[in-house]
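Novice: Got a sequence here, can you model it:
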Amino acid sequence: MRFAIILIAALLMALAPPLRAQGGTRLDITLPAPGSRGAEAPLLRSPHVFDDRAMEDLLVNGFPARLHYRLELWSTSGWFDHLRDQIEWDVIVRYNALDHRYTASRVIGTTITPLGTYGELRGVEDAIGQPFQPPLHAPSGHDRYYYNAVLDIEMLSVNDLDEVERWLRGELRPAVRGKKSPGTAITRGAKTLVVRLLGGEERHYEVRSEMFRP
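Specialist: Residues are numbered from 1 along each chain as shown. Coordinates of the predicted model:
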C-alpha cells in the first residue's frame with residue numbers, strides 16, 4: 001500500500017509542470033528601510049511551500065523534505081554584476097507516524113533551530129512562511145546592490161532519513177567544515193531508494209530584489 005501511494009505520488013510529480021516563483025508566491029524579499037540597508041539584512045519569506053498533495057503524501061509516507069535556501073548579494077557597476085557574498089541554509093521537515101505530527105528544523109551554519117511540532121502540515125507552512133532575516137547585509141559605500149534569493153525543494157530518500165536523524169542528534173556535525181551549510185551533508189553520498197522526485201527543475205524558486213544603495 002505504501003509503495004503504491006509513493007508510486008502514484010511520483011507519477012503526479014512527473015506529470016506536473018515545473019513550479020516557478022512567477023507562478024505563485026513561494027519566495028519573496030523585503031528590503032530594510034532605506035536608512036538601514038547598510039546595517040540590516042533583508043527579510044525572506046517562503047509561504048505556501050506545501051500546497052501539493054503529492055508532496056504531502058510523500059511526507060506522510062516517510063520521506064522528509066529538504067528546503068535549501070541561498071541568499072546572494074550582488075553589486076552592479078559598468079557592464080557586469082559581481083557576486084559579493086552569499087549564505088546558504090536548510091529547513092528539514094519530517095512526519096512522525098507514531099504521534100501523527102510534523103516537525104521542522106532550520107540548519108544554518110553549525111546551528112540547528114527547531115521551528116516547532118505541529119498536528120497539521122498547515123502549521124509547518126505557517127512556521128516556514130514567517131519572515132526570516134539571515135545574517136547577510138550590504139556593506140556601506142557608494143555601490144548599487146541587489147539580493148537574489150533561491151529556494152530548492154527536494155524529498156529525501158528513506159536512507160537519507162537516517163542521516164537526517166543522525167544530523168539532528170549532532171552525530172554528523174564534526175564532518176562539516178568551513179562555511180558550507182551542514183544541511184548539504186545530509187544527502188551527500190547517500191544511496192537513494194527512489195529517484196528524487198523534486199529536483200531543482202521541478203521545485204525551484206528564485207526572486208530578485210530591487211536595486212538599492214546602502
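Novice: ok, longest strand in the chain?
Specialist: strand 80-96 (DSSP state E).
Novice: Any chance you could list what contacts the helix or strand just after that one?
Specialist: Next along the chain after strand 80-96, taking DSSP states H and E as the criterion, comes strand 101-108. Among residues not part of strand 101-108, those counted as contacts by Cβ atoms under 8 Å, 6 or more residues apart in numbering are 59, 87, 89-96, 112-121, 123-124, 127-128, 132, 134, 167-168, 181-183. Heads up, the C-betas are built off the backbone N, CA and C, glycines and all.
Novice: what do you get if the cut-off is 7 Å, keeping everything else the same?
Specialist: Residues outside strand 101-108 that contact it (Cβ atoms under 7 Å, 6 or more residues apart in numbering): 89-96, 112-119, 121, 123-124, 127-128, 168, 181-183.
Novice: Would you give the sheet partners of it, along with the direction of each?
Specialist: strand 80-96 (antiparallel), strand 111-118 (antiparallel) (DSSP bridges).
Novice: May I see those arranged in a markdown table, with mean neighbour count as well?
Specialist: Listed next are these as a markdown table, based on neighbours: other Cβ atoms under 10 Å:
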| stretch | mean neighbour count |
| --- | --- |
| strand 80-96 | 17 |
| strand 111-118 | 14 |
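Novice: how about CSV for these, with distance to Glu154 added?
Specialist: Formatted as CSV, the strands paired with strand 101-108 follow (distance: least, Cβ to Cβ, whole Å):
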stretch, distance to Glu154
strand 80-96, 10
strand 111-118, 18
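Novice: Make JSON lines out of those and add distance to Pro34 and mean pLDDT.
Specialist: Output for the strands paired with strand 101-108, formatted as JSON lines (distance: least, Cβ to Cβ, whole Å; pLDDT from 0 to 100):
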{"stretch": "strand 80-96", "distance to Pro34": "19", "mean pLDDT": "93"}
{"stretch": "strand 111-118", "distance to Pro34": "30", "mean pLDDT": "93"}
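Novice: wait, which of the ones you listed is closest to Arg144?
Specialist: Of all these, it is strand 80-96 that lies closest to Arg144, at 9.7 Å by Cβ to Cβ.
Novice: what's the closest one in contact with?
Specialist: With Cβ under 7 Å, 6+ apart as the contact definition, strand 80-96 has outside contacts at 59-60, 64-75, 102-108, 124, 128, 134-136, 164, 181, 183.
Novice: And the helices in this protein, which stretches?
Specialist: For the chain, applying DSSP state H gives helices covering 2-15, 53-60, 121-128, 158-168.
Novice: per-stretch mean pLDDT over the ones you listed, give me the minimum one.
Specialist: For these, the weakest mean pLDDT is recorded on helix 2-15, namely a mean of 44.
Novice: And Pro47, what's its pLDDT?
Specialist: On the pLDDT scale, Pro47 is placed at 90.
Novice: so how far is Leu67 from the residue nearest to it when sequence neighbours are not counted?
Specialist: Nearest residue to Pro47 in three dimensions, chain neighbours excluded: Gly129, at 3.6 Å (Cβ to Cβ, 6 or more residues apart in numbering). Counting by Cβ to Cβ, to the nearest Å, the separation of Gly129 from Leu67 is 11 Å.
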